[in-house]
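Student: Coordinates for the following, if possible.
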Amino acid sequence: MTAAMIGYARTSTTDQKAGLDAQLRDLQAAGCTKIFKEQLSSVANNRSELERALEFVREGDVLVVTKLDRLARSVADLVAITATLRSKGVELRILTMNLDTSTPTGKLMLNLLGSIAEFERELMLERQREGIAKAKADGKYKGRAPTARSQASKVLALKAEGKTSAEIQAALGISRASYFRIVKEAA
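Tutor: Next up, the predicted model:
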């Protein structure tokens, strides 16, 4: 069996069609014979297509991504992914950086860049937390309005009418957890 170039493309939302198309184009131009793709946030969700790609690759293959942030969400994540690839005898190539882990320089650069990316993300989150704290202090930030709790009286009224929890959830568009939280707080 011959080694293959396997691509992985990801965007954070389904709205980023052009971004996904650009990644697919670049992966195909790089010679990828199979491409795994997904459109979701890497933070909130499992990346099932990345997991499939990691299971699919075989010794001698090369996993190709267009950018580092399309692959890993943190240095720890990057280390875990590269350890998986290394254990299978698979190299990693990041197109925009012209980085190839089959070389010692490529391995060093990957670790350095992963550390810098995580550092930048931590700085961004810190600035975001500071901005939210300032907005709260200035009375400009209220947070997300609770949706289900605002309907507590309706939930309790429908329950008193003998409606089932499923009927109440459907009628008011609230989750099962919200329904039971409201009932528990009222008890």
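Student: Next, count neighbours for the closest residue to Gln151 other than its chain neighbours.
Tutor: Among residues not flanking Gln151 along the chain, Leu172 sits closest, at 5.2 Å (Cβ to Cβ, 6 or more residues apart in numbering). C-beta here means a position set from N, CA and C on the backbone, and glycine is covered the same way. Look at Leu172: counted by other Cβ atoms under 10 Å, it has 16 neighbours.
Student: what mean pLDDT does the longest helix along the chain have?
Tutor: The residue-count maximum for a helix in the chain (DSSP state H) belongs to helix 104-137. Average pLDDT, helix 104-137: 86.
Student: one step back: next one: the residue nearest to Gln151 from Ala18, what distance?
Tutor: Going from Leu172 to Ala18 by Cβ to Cβ, to the nearest Å gives 38 Å.
Student: contact partners of stretch 168-181?
Tutor: With Cβ atoms under 8 Å, 6 or more residues apart in numbering as the test, stretch 168-181 has contacts from 147-149, 151, 154-155, 158-159, 163, 165.
Student: Can you tell me which of those is nearest Val57?
Tutor: If you rank those by distance to Val57 using Cβ to Cβ, Thr147 comes first, at 42.9 Å.
Student: who touches that closest one in this structure?
Tutor: Neighbours of Thr147 in contact, by Cβ under 8 Å, 6+ apart: 174, 178.
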